[in-house]
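[1] have a look; sequence and predicted model below, questions after that.
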Amino acid sequence: MCSYSRCRMPIMDVTLEGINPACARPLIAVCVTLLFSFHLWRWLRQRSIPGPLPWPLIGNAAQMGKAPHLYFSRMAKKYGDVFQIKLGSRDVVVLNGDSIKQALVRQGFDFAGRPDFTSFKYVSGGDSIAFNTITDWWKLHRKLAQSTVRMFSTGNPQTKKTFEHHVVCEVKELLQLFVEKTKGQRYFEPMTYVVVSTANIMSAMCFGKRYTYEDEEFKQVVGRNDQFTRTVGAGSIVDVMPWLQYFPNPIKTMFDNFKSLNLEFGAFVRDKVVEHRKTIQPGVLRDMTDACIVALDQLTDKMGGSLEKDYVIPTLGDVFGASQDTLSTALQWIVLILVKYPEMQTRLQQEVDKVVDRSRLPTIEDQAQLPYVMAFIYEMMRFTSFVPLTIPHSTTTDTSIMGYTIPKNTVIFISQWSNNHDPAIWSHPETFDPQRFLDKSGALNKDLTSRVLLFSLGKRRCIGEEVSKLQLFLFTSLIAHQCHITADPERPPKLDYDYGLTLKPLAFSIAVSLREDMTLLDAATTHGLSEEVKG
Ligand code: HEM
């Protein structure tokens, strides 16, 4: 018998000898219930992350198809902004919409890691900034790369002018070649030339050298971007099923090519650094290689001479590699869209003619007066979202997002595409329409341009954003001012692409004619800046 009254007495009568066992039972029951409820409440809050059902062994790899970013968008509609898939044996959390800012900005440190993927270890001999996880050394290394890039591009008005000069020189070379090709073949595929041209701008900044379009070594080094981006892009198979490397199959062949192209790329950069170390003069910084050598040597001294490797090579490898691949892809998209939508090309030409006039070339200072050029560039970035997912991230600690618990070292994919095609932000997101970025008075809507997500956010945000936007502006305005581009009527341009870290347009053909002659470009480039390497 344990009536309420009987229980109450002994509880009040607690003595040193203890509690009456009969009356302790309800107390224990209450405690257990409370404890159970607390755990149930925590468990319910830490719901498991929803997502599509994985298949044995391969997980959801086969369902991603040829365009994983589109598959992720469909899954986000079904499961919400945060969902989980399995690739091979790895759990991957995919972030979309608002969860991206939450993870990368508000919980920046938690989501700033890189996964221990096999392919990442082959980039820059494993010492890449872009493909390594966050450490104290990584922070110093990244900061140094960032300030070196600024020093030779957007750091001050003088460096901006030098950078502008590199771009004008390369646009002139490119247009000359385009006109020759048009004379010879009528229609030609511009892609390889755009890649060499872009790589030359970065090569001038990094190594003080440009290469001819015929240079076989240079073409070999910069002409295999597609193989690189296919292997390191989010959803790359070899990283989640590493066992595929150990027997003959197409994935292994692709991975072997990837390894050899990284070795060749590394050797190319190493040669330049060795050459620079031999010829560097105190107090003279010829290019980014010199600047990196000086900065890293100073850092080594500060740390008591404890750096066992030459980090100049991976730093320049990252800057040169990351920039020429992304920017050449952007320029290919610009050319393709110009021929796909000739009425927009005409509008760009009208704007530059009116603002700049025909007596001089567009310059950096014209940017604020050319809102349609800028709107066109932002719409190209939004619409193509040509870096649809960032480089894969990983969690650096046990964390949670939007109520979901995520353990340390979980692979995180960040869908920039989902942000740029979100109908809640963009009306008719699948329509290419630069006008969306202009307000009623024709001015650029900066609130809206800031919502385009292509350079990522937070601790891993691209270090080349400023210089890239400047280059895209100069290229677009110079092209619109100087030439007219048309599509091959027998191959109407399509906006199809190959998936990888960057989305690359499929081959297309164009013809190029000058709007006047080369007088302005010739005059602007009489003093070449960089030594030319003959092919
Ligand atoms: C239109 C051109 C470019 C686009 C769209 C672009 C985009 C990106 C994206 C999405 C990332 C990954 C960020 C993340 O994982 O969260 C990245 C990383 C990076 N980018 Fe760019 N990029 C461009 C040009 C450049 C240029 C010109 C440079 C060098 C001057 C550069 C250097 C880097 C580096 C070093 C990283 C690694 C950052 C890190 O891991 O901390 N990029 N870029």
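    Perfect, thanks for sending it.
[2] rest of the way, CA atoms for contacts and neighbours
    OK.
[3] check which helix or strand covers residue 231.
    Assigned by DSSP states H and E, residue 231 belongs to helix 225-232.
[4] average pLDDT for that helix?
    Computed over helix 225-232, the mean pLDDT rounds to 69.
[5] now the residue of the stretch 51-200 of the chain found nearest the ligand: closest residue in space that isn't a chain neighbour?
    Nearest residue of the stretch 51-200 of the chain to the ligand (Cα to the nearest ligand atom) works out as residue 130 at 3.3 Å. Nearest non-adjacent residue to residue 130, counting by Cα to Cα, 6 or more residues apart in numbering: residue 318, 6.9 Å away.
[6] does the spatially closest residue to residue 381 that is not a sequence neighbour count as helix, strand or coil?
    Sequence neighbours aside, residue 454 is the residue nearest to residue 381 in space, at 6.9 Å (criterion: Cα to Cα, 6+ apart). When classified by DSSP: H, G, I helix; E, B strand; the rest coil, residue 454 comes out as coil.
[7] what's near enough to touch residue 454?
    Neighbour list for residue 454: 381, 382, 385, 386, 387, 388, 416 [criterion: Cα atoms under 8 Å, 6 or more residues apart in numbering].
[8] swap the cut-off to 10 Å and go again
    Listed by Cα atoms under 10 Å, 6 or more residues apart in numbering, the contact set of residue 454 reads 378, 381-382, 384-390, 415-417, 419-420, 461-462, 465.
[9] show me which of the residues you listed are buried.
    378, 381-382, 384-390, 415-417, 419-420, 462 (16 or more other Cα atoms under 10 Å).
[10] show me where this structure has its strands.
    Along the chain, the segments classed as strands by DSSP state E run 82-87, 90-95, 209-211, 393-394, 399-401, 404-406, 411-414, 483-487, 497-498, 504-505, 510-514, 531-533.
[11] for the fifth one, which positions count as buried?
    Read it as strand 399-401. Buried-residue list, strand 399-401, by 16+ other Cα under 10 Å: 399, 400.
[12] ok, stretch 187-201 next?
    187-188, 190-191, 193-201.
[13] give me the mean pLDDT for that stretch.
    93.
[14] output it in CSV with nothing but the alpha carbons.
    In CSV, the C-alpha atoms belonging to stretch 187-201 read as follows (Å, rounded to 0.1, in the frame of the first residue of the first chain):
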residue,chain,number,x,y,z
TYR,A,187,33.5,29.8,-89.1
PHE,A,188,35.8,28.3,-86.4
GLU,A,189,35.7,27.0,-82.8
PRO,A,190,37.0,29.7,-80.5
MET,A,191,37.5,27.7,-77.3
THR,A,192,41.2,26.8,-77.3
TYR,A,193,42.1,30.3,-78.2
VAL,A,194,40.0,31.8,-75.4
VAL,A,195,41.8,29.4,-73.0
VAL,A,196,45.3,30.4,-74.1
SER,A,197,44.3,34.1,-74.1
THR,A,198,43.0,34.0,-70.5
ALA,A,199,45.9,31.9,-69.4
ASN,A,200,48.3,34.5,-70.9
ILE,A,201,46.8,37.3,-68.8
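[15] stretch 300-315: end-to-end distance?
    15 Å (Cα to Cα, to the nearest Å).
[16] what residues does the stretch 401-535 of the chain put near the ligand?
    Selection of the stretch 401-535 of the chain residues close to the ligand by Cα under 6 Å from any ligand atom yields 454, 455, 456, 460, 461, 462, 463, 464, 465, 468.
[17] could you export these to a markdown table, including columns for pLDDT?
    Output for those, formatted as a markdown table (pLDDT from 0 to 100):
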| residue | pLDDT |
| --- | --- |
| 454 | 98 |
| 455 | 98 |
| 456 | 98 |
| 460 | 97 |
| 461 | 97 |
| 462 | 97 |
| 463 | 96 |
| 464 | 95 |
| 465 | 97 |
| 468 | 96 |
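[18] of all these, which two lie farthest apart?
    Using Cα to Cα, the two most remote members of these are 460 and 468, lying 16.2 Å apart.
[19] pick out whichever of the two has more residues nearby.
    The residue with more neighbours, out of residue 460 and residue 468, is residue 460; 23 against 19, by other Cα atoms under 10 Å.
[20] how about that one: what's its closest non-neighbour residue?
    residue 112 (6.4 Å).
[21] what's the burial count for that neighbour?
    Neighbours of residue 112 using other Cα under 10 Å come to 24.
[22] now do it, the pLDDT please.
    97.
[23] OK, contacts around it?
    Neighbouring residues of residue 112 by Cα under 10 Å, 6+ apart: 103-105, 133-134, 392-397, 412, 458-461.
[24] from the residues you listed, which single one is nearest residue 483?
    Lowest distance from residue 483 to those (Cα to Cα) belongs to residue 461, with 34.3 Å.
[25] specify the beta-bridge partners of residue 92.
    residue 85, residue 411 (DSSP bridges).
[26] can you give me how far stretch 286-293 is from the chain middle?
    Centroid displacement of stretch 286-293 relative to its chain, using Cα atoms, centre = their mean, to the nearest Å, is 24 Å.
[27] how about low-confidence regions in the protein?
    Residues of the chain that meet the criterion pLDDT under 70 lie in 1-23, 38-47, 225-226, 229-230, 232-235, 304-308, 527-535.
[28] got the residues of it near the ligand?
    129-130, 149, 318-319, 322-323, 326-327, 330, 387, 390-391, 454-456, 460-465, 468.
[29] measure the closest residue to residue 402 other than its chain neighbours to residue 391 for me?
    Closest residue in space to residue 402, ignoring its immediate chain neighbours: residue 99 at 7.2 Å, by Cα to Cα, 6+ apart. From residue 99 over to residue 391 the distance is 17 Å, taken as Cα to Cα.
[30] these two: who's more crowded?
    Neighbours were counted for residue 99 and for residue 391 using other Cα under 10 Å; residue 391 has more, 21 against 18.
[31] I figured the more buried one hits residue 131, correct?
    Yes. At 7.9 Å, residue 391 counts as touching residue 131 under the criterion of Cα atoms under 10 Å.
[32] what's the span of stretch 242-260 from first residue to last?
    End-to-end span of stretch 242-260 (Cα to Cα): 17 Å.
[33] got it, and stretch 482-490?
    End-to-end distance (Cα to Cα), stretch 482-490: 25 Å.
[34] ok, residue 446 - contacts?
    The neighbourhood of residue 446, defined by Cα under 10 Å, 6+ apart, consists of 375, 437, 438, 439.
[35] before we move on, the earlier item: now, the most widely separated pair of the contacts of residue 112?
    The most widely separated members of the contacts of residue 112, counting by Cα to Cα, are 397 and 461 (19.6 Å).
[36] residues contacting residue 487?
    So residue 487 contacts 187-188, 335-336, 338-342, 493, 508-512 (Cα under 10 Å, 6+ apart).
[37] equivalent analysis for residue 53, please.
    By Cα under 10 Å, 6+ apart, the residues touching residue 53 are 59, 60, 84, 85, 86.
[38] name the member of the residues you listed with the most neighbours.
    residue 84 (25 neighbours).
[39] so that one sits against residue 92, correct?
    Yes. Applying Cα under 10 Å, one finds residue 84 in contact with residue 92, separated by 5.7 Å.
[40] which ones among the contacts of residue 446 lie within helices?
    residue 375 (DSSP state H).
[41] out of the contacts of residue 446, who's nearest the ligand?
    residue 375 (15.0 Å).
[42] from what I see, that closest one and residue 450 are in contact.
    No. Counting by Cα under 10 Å, residue 375 sits too far from residue 450 to count as a contact (11.8 Å).
[43] now, which of the residues of the stretch 401-535 of the chain next to the ligand lie within helices?
    Those of those lying in helices (DSSP H): 465, 468.
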